[in-house]
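A.B. asks: With the input below, show me the fold.
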Amino acid sequence: PDGYTYCTLMDGLCKEGRIDEAVLLLDEMQSEGCSPSQVTYNALLDGLCKKGDLRRVTKLVDNMFLKGCVPDVRTYNTLMNGLCLKGKMDKAVSLLERMVSSKCIPNDVTYGTLINGVVKHRRATDAVRLLEFMEERGFCLNQHVYSSLISGFCKEGKAEEAMVLWKKMAEKGCKPNVVVYSALVCGLCRVGKPKEAKEILNGMISNGCLPNAYTYSSLMRGFFKTGLSEEAIQVWREMDETKCSRNEFCYSVLIDGLCGVGRVKEAMMVWSKMLTIGIKPDTVAYSSMIKGLCGIGSMDAALRLYHEMLCQEDPKSQPDVVTYNILLDGLCMQRDVSRAVDL
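C.D. replies: Okay, the predicted model is just below:
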């Protein structure tokens with residue numbers, strides 16, 4: 001067999017997950033005096049990286065250099081993807097630097113792989129390092145890049161870093177979309193800054209980008225968590241002004257927030273309206289309403305909702321451990337041990 005035949009066989013074996021056989025075939029190929037090409041090495045590296053076998057990846061790269069086969073952009077992209085999958089972001093970013101120093105030019109796949117990696121593994125420091133690296137080399141940072149990184153910072157609880165990126169995005173004239181706005185609103189609320197988040201939302205509307213149900217729900221929850229229930233309710237009302245359709249998540253947030261501040265009667269009115277317009281409560285909504293009823297000692301009503309949950313076919317509306325804990329706490333507070341035991 002020639003090099004092309006070996007490469008085709010190895011690629012097929014790798015795609016089937018038969019990596020060990022593919023590696024043995026490489027040994028056979030070399031013993032027959034047939035030199036592997038970049039394509040051959042790339043196929044094997046891809047298979048080993050997907051398997052997470054970084055030890056053999058390192059050995060194979062060493063073998064590649066010994067045979068005088070220079071890695072190309074696909075080789076580097078494959079290696080970076082393997083490192084990102086294992087969460088080794090420091091090494092992945094260092095590999096990017098090595099790639100550039102060896103005169104191999106990164107492409108969109110290179111940067112996309114690294115951005116997804118730093119976001120997935122919530123590595124804010126590596127994200128900043130990567131961003132600076134991209135800018136130094138004249139890479140055009142687009143809406144998708146900023147969106148991914150801002151979302152990543154916010155999920156990591158690094159709202160200040162997200163705001164720095166936000167300002168940089170504006171300076172570059174890159175227009176944010178609803179995903180970027182929503183990520184920032186959610187991130188600011190997560191660190192207890194709903195007022196700043198509201199300013200972002202106001203700017204969002206002014207710039208002609210309409211908030212969605214997730215944006216509004218995140219802001220409402222942020223206000224409720226910081227004890228600003230009136231502001232949360234005002235956000236609910238503003239949804240009518242932008243004609244934003246409310247989903248079950250919006251109702252769950254409002255019901256949970258109202259019950260949390262003892263406004264159970266208002267929560268019950270919201271509950272009734274939700275049912276009237278045909279929105280089915282999820283587990284969070286049920287549990288929130290049950291908690292509110294338990295808080296005012298209405299255990300019969302709380303248990304009726306619990307039994308209603310048991311009859312739901314949709315798993316998203318069935319009781320979970322939180323529901324049971326709420327009911328047990330409520331029954332024990334009422335010293336109703338017999339019904340608590342029955343649960």
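
A.B. asks: Now do the buried residues in whichever strand or helix holds Tyr181.
C.D. replies: For Tyr181, the enclosing helix or strand under DSSP states H and E is helix 178-190. Within helix 178-190, the residues scored as buried using 16 or more other Cβ atoms under 10 Å are Val179, Val180, Tyr181, Ser182, Ala183, Leu184, Val185, Cys186, Gly187, Leu188, Cys189, Arg190. Bear in mind the C-beta positions are built from the backbone N, C-alpha and C, glycine included.

A.B. asks: Could you list the buried residues of the very next helix or strand once past it?
C.D. replies: Towards the C-terminus, the helix or strand next in line after helix 178-190, according to DSSP H and E, is helix 194-206. Within helix 194-206, the residues that qualify as buried are Pro194, Glu196, Ala197, Lys198, Ile200, Leu201, Met204, counting by 16+ other Cβ under 10 Å.

A.B. asks: How is Ala301 assigned, secondary-structure-wise?
C.D. replies: Secondary structure of Ala301, reduced to three states by DSSP: H, G, I helix; E, B strand; the rest coil: helix.

A.B. asks: Got the confidence number for it?
C.D. replies: Here the pLDDT value assigned to Ala301 is 94.

A.B. asks: do the same with the one 10 residues further on
C.D. replies: According to the model's per-residue confidence, Cys311 sits at a pLDDT of 92.

A.B. asks: again, but for Gly292
C.D. replies: Residue-level confidence at Gly292 comes out at 93, pLDDT.

A.B. asks: Which single one of the buried residues of helix 194-206 is nearest to Ile296?
C.D. replies: Ile296 lies nearest to Pro194 out of the buried residues of helix 194-206, by Cβ to Cβ, at 26.8 Å.

A.B. asks: circling back to that earlier point, can I get the buried residues of helix 194-206 in CSV including distance to Pro315?
C.D. replies: Output for the buried residues of helix 194-206, formatted as CSV (distance: Cβ to Cβ, whole Å):
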residue, distance to Pro315
Pro194, 32
Glu196, 37
Ala197, 32
Lys198, 35
Ile200, 35
Leu201, 33
Met204, 34
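
A.B. asks: Counting by contacts, list what the helix holding Tyr181 packs against.
C.D. replies: On a contact count with 3 or more Cβ pairs under 8 Å, 6 or more residues apart in numbering; DSSP states H and E, helix 178-190 meets helix 143-155, helix 159-171, helix 194-206, helix 213-225.

A.B. asks: Put together a markdown table for these, with mean pLDDT on each row.
C.D. replies: Listed next are the helices and strands packed on helix 178-190 as a markdown table, based on pLDDT from 0 to 100:
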| stretch | mean pLDDT |
| --- | --- |
| helix 143-155 | 81 |
| helix 159-171 | 84 |
| helix 194-206 | 95 |
| helix 213-225 | 96 |
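
A.B. asks: Rebuild those helices as JSON lines, extending it with distance to Met239.
C.D. replies: Listed next are these as JSON lines, based on distance: least, Cβ to Cβ, whole Å:
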{"stretch": "helix 143-155", "distance to Met239": "22"}
{"stretch": "helix 159-171", "distance to Met239": "24"}
{"stretch": "helix 194-206", "distance to Met239": "11"}
{"stretch": "helix 213-225", "distance to Met239": "5"}
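
A.B. asks: out of those, which comes closest to Gly82?
C.D. replies: In this view, the helices and strands packed on helix 178-190 are compared for proximity to Gly82 by Cβ to Cβ, and helix 143-155 is the closest at 19.9 Å.

A.B. asks: The closest one: which residues count as buried?
C.D. replies: Using 16+ other Cβ under 10 Å as the burial criterion, the residues of helix 143-155 that qualify are Val145, Tyr146, Ser147, Ser148, Leu149, Ile150, Ser151, Gly152, Phe153, Cys154, Lys155.

A.B. asks: show me what contacts Cys14?
C.D. replies: Contacts of Cys14 were listed using Cβ atoms under 8 Å, 6 or more residues apart in numbering, and they are Ala22, Ala43, Leu44, Asp46, Gly47.

A.B. asks: what's the closest non-adjacent residue to Gly187?
C.D. replies: Among residues not flanking Gly187 along the chain, Cys154 sits closest, at 2.6 Å (Cβ to Cβ, 6 or more residues apart in numbering).

A.B. asks: For Val100, state which of the buried residues of helix 143-155 is nearest.
C.D. replies: For Val100, the nearest member of the buried residues of helix 143-155 is Val145. The distance, counting by Cβ to Cβ, is 17.8 Å.

A.B. asks: Provide a list of residues in contact with that closest one.
C.D. replies: Applying Cβ under 8 Å, 6+ apart, one finds that Val145 lies in contact with Tyr111, Ile115, Met134.

A.B. asks: With Ala22 instead?
C.D. replies: The contact partners of Ala22, by Cβ under 8 Å, 6+ apart, come to Leu9, Met10, Leu13, Cys14, Ala43, Leu44, Gly47.

A.B. asks: I am finished for the moment; much appreciated.
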